[in-house]
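*Asks:* attaching a predicted model along with its sequence, questions to come.
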Amino acid sequence: MPARPPSPLAPRLGLIALAFFALLAAVGCSTFARAIKEGDELTAQRKWTEAEAAYQRALAAEPGDSEAKVKLRDMRRQWSAEVLQGAQAKHSEGDLAGATPLLVRALALDEENDAARTLLTQTLDARVEGALKALKEDRLQEARAELDAVLVVDEGHAAARKGVAAVQTALARRWFNTAKRLEEEGKSGNALLAYVRADQEQVGATPARERAEAVRRKLQDEIAFLVVTGPAEDRAEAPDVVQRLSPGRLSALLPQEVPIRVITTEAPKDHEGVRLGLAVERVMPVKSVEQAQKSQRYLVTNKAVPNPRRLELETALLAQERKLEDVEHKLSGVLRDYLRKQDELAQAHEVSARCRERERKVCGTGLSECVQAFSRAKPGEVPADCNPARCNPQCEQEEGALKQRASAAQELERRLETAQENAVVQRREVQRGRDAYYREPPTVEEPVYADYPYDVELHRLSITASVTERLVVLSKDVAGASPHTEDYVATHEDGANKAYDKVGVLADPVQLRSEAELRVEAGDKAMAAIAARVKEHFDVYRQRRVEDARRGMVRPSAEDVVETAVRALLLTADAPPQDVLLPLAKARGLTRPEAIFGR
């Protein structure tokens, strides 16, 4: 048989494959090369930001490439030199504030730029000198701003830190002098805030803290809520109860953080407060004994009873078995559908295989005829026997039916697997229920109890203290005040029983508290109630002051508003209103508003 000549398509396929692989090799480095080229062009045009972005893209494509790193470093050096030129121009013009960020930028681009580092040091030193000059000329805010700007760049600058301390000392002295002037003018609230601000600027630079404490005490005495009272009148001949109603006890029960003063002398005219008069009308002890009976339950024996737990497990087991029947019935239905669908799928597969065999024979015959026709045809001529239509698919309908049945069979297979898993799980549950049922004993021991009765005596002692109080506002007529009498009861009770030592019941003697202890307790209850009513009057007074302060918070820096607000805050030192405290502190520049209260 003669050898077949080589096909003219083989060289072409080789060239195509070679070009394809060359293209794949070129794609990997095209991004890197394009980014490098773009970065070089932008560097030549002195477009530094775009050039840096281009080199960064190149490093993203080839992270370890030394060429990209060198080009990026060189570009940043050129950029740093250009920024340095701009900084030098501003420095020569005297614009030190404008030159500082440029020098910082130049060093960020090139850490080895010694010229930029030297000029930055000179610039910062010059700004510190200017700040110290402003400090000598008493331009404190300007000096502080310059020094803060220097410390932002170099937080370890020794001269700047020393200058900040000097500025704080000068500000503290200025605020202290302002506070002294305000105190001499009678504006104690403004003076207190100024003393606090001076102390916060520089602790110890001035005696501001001591003066603030003195002004605070003066303000508290001015706005204090006075409670004018005296020793309680003893009409019941009960000195122990009267002693619990003393002014000292009342002062101890009132809040200590707010200015409430309990005094025994006459109050100044037109001062806020109340007058309190107390009298002990009677102290009556009542002692009673009640007869009662109690019982002590004790264990007699045990008896066997049907196990209730076994009945519960039996009921649960029956429910699980019925559920298993339903699951297995569903499994059998799904299995029948699956087997039927498998038969249909096998038939469709056989039909499709026969059709594909016919197609293969037709296409093979056409291909052999095409090869024979090529051997007889002239070069470059395509014979008519080589018609591709002879190999067109002709089994689309059978293939579609096969795919449809295969999809339905897969769905039924998933349903069958799910049903089988459910059946396995349910069988396991039934088996567990059976194990639990048979492990449970048929009977259990139940305790049998009996009651042992015994007599009890309930002893009760109560002390009733009747106290009359006369509480009026100082600005009102004392003679028109109505007295208020209330009973305050202190009670204690205990049970005593006499029994034999049987089933844990022993003789228990009575253990009542003494009458003296209960008399003291009754007096304490009376004083606590009286202190609460005094506190209610004080709350009304200070709420009125707080409302006056809130109305002025639209202009918290005004001196008259500050006077009102400071007094309201001192009256609410236990819970200061934030809508008054924070605006006031912000208006006076206080970093710790709680320092107003001496904390």
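*Replies:* Happy to help now that I have it.
*Asks:* need the distance between the two termini of stretch 386-401.
*Replies:* Stretch 386-401 has an end-to-end distance of 31 Å (C-alpha to C-alpha, to the nearest Å).
*Asks:* please enumerate residues in contact with it?
*Replies:* Applying C-beta atoms under 8 Å, 6 or more residues apart in numbering, the contact partners of stretch 386-401 are 348, 351-352, 355-356, 358-359, 362-363, 366-367, 370, 373-374. Where you see a C-beta, it was placed from the backbone N, CA and C, and this is true even at glycine.
*Asks:* quick check on those residues: which are buried?
*Replies:* 348, 351-352, 355, 363, 366, 370, 374 (16 or more other C-beta atoms under 10 Å).
*Asks:* which is the next helix or strand following the helix or strand harbouring R144?
*Replies:* Here R144, judged by DSSP states H and E, is contained in helix 140-153. Next helix or strand after helix 140-153 toward the C-terminus (DSSP H and E): helix 158-184.
*Asks:* next, the buried residues of that next one.
*Replies:* So, applying 16+ other C-beta under 10 Å, buried residues of helix 158-184: 159-161, 163-164, 166-176, 178-180, 182-183.
*Asks:* for the stretch 351-500 of the chain, which segments count as strands?
*Replies:* Using DSSP state E, counting those that start in this stretch, the strands found in the stretch 351-500 of the chain span residues 443-473, 484-497.
*Asks:* would you list those in TSV and tack on distance to I596?
*Replies:* Shown next, in TSV, are the strands of the stretch 351-500 of the chain (distance: least, C-beta to C-beta, whole Å):
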stretch	distance to I596
strand 443-473	28
strand 484-497	38
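*Asks:* pipe the ones you listed into TSV and attach mean neighbour count, mean pLDDT and distance to R551 per row.
*Replies:* Below are those laid out as TSV (neighbours: other C-beta atoms under 10 Å; pLDDT from 0 to 100; distance: least, C-beta to C-beta, whole Å):
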stretch	mean neighbour count	mean pLDDT	distance to R551
strand 443-473	16	89	23
strand 484-497	15	89	35
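*Asks:* of those, which is nearest A33?
*Replies:* Smallest distance to A33 across the strands of the stretch 351-500 of the chain (C-beta to C-beta): 88.0 Å, for strand 443-473.
*Asks:* from the chain's centre, how far out does that closest one sit?
*Replies:* Its chain's C-alpha centre and that of strand 443-473 lie 48 Å apart, by C-alpha atoms, centre = their mean, to the nearest Å.
*Asks:* what angle do it and strand 484-497 make?
*Replies:* Here strand 443-473 runs at an angle of 150 degrees relative to strand 484-497 (axes from the mean of the first three to the mean of the last three C-alpha atoms, to 10 degrees).
*Asks:* inside helices: which ones of the contacts of stretch 386-401?
*Replies:* 348, 351-352, 355-356, 358-359, 362-363, 366-367, 370, 373-374 (DSSP state H).
*Asks:* least confident pick among the residues you listed?
*Replies:* Lowest pLDDT within these is found at F374 (74).
*Asks:* list the contacts for it?
*Replies:* Counted by C-beta under 8 Å, 6+ apart, F374 has contacts 383, 386.
*Asks:* where's it relative to E381, distance?
*Replies:* Separation of F374 from E381 (C-beta to C-beta, to the nearest Å) stands at 9 Å.
*Asks:* show me where the stretch 201-350 of the chain has its strands.
*Replies:* Going by DSSP E, counting those that start in this stretch, the stretch 201-350 of the chain shows strands at 225-228, 233-234, 260-263, 273-306.
*Asks:* returning to that earlier point: can I get the CA coordinates of the helix holding R144 in PDB?
*Replies:* The C-alpha trace of helix 140-153 is given here as PDB (Å, rounded to 0.1, in the frame of the first residue of the first chain):
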ATOM      1  CA  LEU A 140      -0.100  83.700  74.700                       C
ATOM      2  CA  GLN A 141      -2.600  82.100  72.300                       C
ATOM      3  CA  GLU A 142      -0.300  82.700  69.300                       C
ATOM      4  CA  ALA A 143       2.700  81.300  71.200                       C
ATOM      5  CA  ARG A 144       0.800  78.200  72.300                       C
ATOM      6  CA  ALA A 145      -0.400  77.600  68.700                       C
ATOM      7  CA  GLU A 146       3.200  77.800  67.400                       C
ATOM      8  CA  LEU A 147       4.600  75.500  70.100                       C
ATOM      9  CA  ASP A 148       1.800  72.900  69.500                       C
ATOM     10  CA  ALA A 149       2.600  72.900  65.800                       C
ATOM     11  CA  VAL A 150       6.300  72.300  66.500                       C
ATOM     12  CA  LEU A 151       5.400  69.400  68.900                       C
ATOM     13  CA  VAL A 152       3.200  67.800  66.300                       C
ATOM     14  CA  VAL A 153       6.200  67.500  64.000                       C
END
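*Asks:* rewinding a little: mean pLDDT and distance to S466 added to the strands of the stretch 201-350 of the chain, as JSON lines?
*Replies:* Formatted as JSON lines, the strands of the stretch 201-350 of the chain follow (pLDDT from 0 to 100; distance: least, C-beta to C-beta, whole Å):
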{"stretch": "strand 225-228", "mean pLDDT": "93", "distance to S466": "22"}
{"stretch": "strand 233-234", "mean pLDDT": "92", "distance to S466": "12"}
{"stretch": "strand 260-263", "mean pLDDT": "92", "distance to S466": "23"}
{"stretch": "strand 273-306", "mean pLDDT": "89", "distance to S466": "4"}
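*Asks:* right, and the ones you listed - which one's nearest D435?
*Replies:* Closest approach to D435 among the strands of the stretch 201-350 of the chain (C-beta to C-beta): strand 273-306, 20.2 Å.
*Asks:* what helices or strands is the closest one leaning on?
*Replies:* Applying 3 or more C-beta pairs under 8 Å, 6 or more residues apart in numbering; DSSP states H and E, one finds that strand 273-306 contacts strand 225-228, strand 233-234, helix 239-243, strand 443-473, strand 484-497, helix 515-551.
*Asks:* so what are the sheet partners of it and their directions?
*Replies:* Sheet pairing of strand 273-306 (DSSP bridges) gives strand 225-228 (parallel), strand 233-234 (parallel), strand 443-473 (antiparallel).
*Asks:* contacts for the host helix or strand of R105 next, please.
*Replies:* Assigned by DSSP H and E, R105 belongs to helix 96-109. Helix 96-109 has contacts (C-beta under 8 Å, 6+ apart) with 76-77, 79-81, 83-84, 86-88, 90-91, 113, 116-117, 119-120, 123-124, 126-127, 130, 149, 153.
*Asks:* separate out the buried members of those residues.
*Replies:* 76, 79-80, 83-84, 87-88, 90-91, 113, 116, 119-120, 123-124, 127, 130, 149, 153.
*Asks:* on that earlier part again, okay, the strands paired with strand 273-306 in JSON lines with distance to R340 next?
*Replies:* Formatted as JSON lines, the strands paired with strand 273-306 follow (distance: least, C-beta to C-beta, whole Å):
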{"stretch": "strand 225-228", "distance to R340": "96"}
{"stretch": "strand 233-234", "distance to R340": "108"}
{"stretch": "strand 443-473", "distance to R340": "54"}
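*Asks:* could you say which one of these comes nearest to S251?
*Replies:* Here strand 225-228 is closest among the strands paired with strand 273-306 (C-beta to C-beta), at 8.1 Å.
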